[in-house]
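*Asks:* Pasting a predicted model and its sequence here:
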Amino acid sequence: MRRVITYGTFDLLHYGHINLLRRAKEYGDYLIVALSTDEFNWDAKHKKSYFTFEQRKMLVESVRYVDLVIEETSWEQKISDLHEYHIDTFVMGDDWEGKFDFLKDEGADVVYLPRTPEISTTKIKQNLKN
């Protein structure tokens, strides 16, 4: 069984997120989503999510492409996650291109997928604000 992992906040879940998860699942049989906790979002990313971690987790778990949701609590956990969950392929959006290539040294394929260009959580929040 080929295992795939991706990371993100997945706030205001939208069709761009679903596209990413669907395409990530195409790289293997089992997709793990490491979902950023509220604390990690605030402390490390300086972002506040609209939905709480538990609400976002429930939404992401409901997506048919996702097999398991785990917590993302630090930038550094990626290496240990690869080993703990026996990951074959690490997938991220192409806005992170090159930033995680070091994971190839840990034995994982690293794939950067194109984002859905016309949609983002940031754009949704800006549109709602206006």
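*Replies:* Perfect, I can see it now. Remember, it's a predicted structure, so these values are computed and weren't measured experimentally.
*Asks:* got the buried residues for the longest helix along the chain?
*Replies:* In the chain, taking DSSP state H as the definition, the longest helix is helix 15-25. Using 16 or more other C-beta atoms under 10 Å as the test for burial, helix 15-25 gives Gly16, His17, Leu20, Leu21, Arg23, Ala24, Lys25. Just so you know, the C-beta spots here come from the backbone N, C-alpha and C atoms, and that holds for glycine as well.
*Asks:* Among those, show me the least confident.
*Replies:* Within the set of the buried residues of helix 15-25, pLDDT is lowest for Gly16 (91).
*Asks:* Between helix 15-25 and the worst-scoring helix or strand of the chain on mean pLDDT, find me the angle.
*Replies:* Sorted by mean pLDDT, DSSP states H and E, the helices and strands of the chain end with helix 121-129, the least confident at a mean of 76. Taking axes from the mean of the first three to the mean of the last three C-alpha atoms, to 10 degrees, one finds that helix 121-129 is oriented at 160 degrees with respect to helix 15-25.
*Asks:* re the thing from before, quick check, nearest of the buried residues of helix 15-25 to Leu128?
*Replies:* Nearest to Leu128 among these, counting by C-beta to C-beta, is Gly16 at 15.9 Å.
*Asks:* Okay, the residue lying closest to that closest one once chain neighbours are set aside and Asp94: tell me how far apart.
*Replies:* Excluding the flanking residues, the one nearest Gly16 by C-beta to C-beta, 6 or more residues apart in numbering is Thr116, at 3.6 Å. Separation of Thr116 from Asp94 (C-beta to C-beta, to the nearest Å): 11 Å.
*Asks:* and these two? which has more neighbours close in?
*Replies:* Comparing Thr116 with Asp94 by other C-beta atoms under 10 Å, the one with more neighbours is Thr116, at 16 against 11.
*Asks:* Going by secondary structure, that one is in what exactly?
*Replies:* Following DSSP states H and E, one finds Thr116 outside all helices and strands.
*Asks:* Can you list the buried residues in the least confident helix or strand of the chain?
*Replies:* For helix 121-129, by 16+ other C-beta under 10 Å, it's Thr121.
*Asks:* With stretch 96-104 instead?
*Replies:* Phe100, Leu103.
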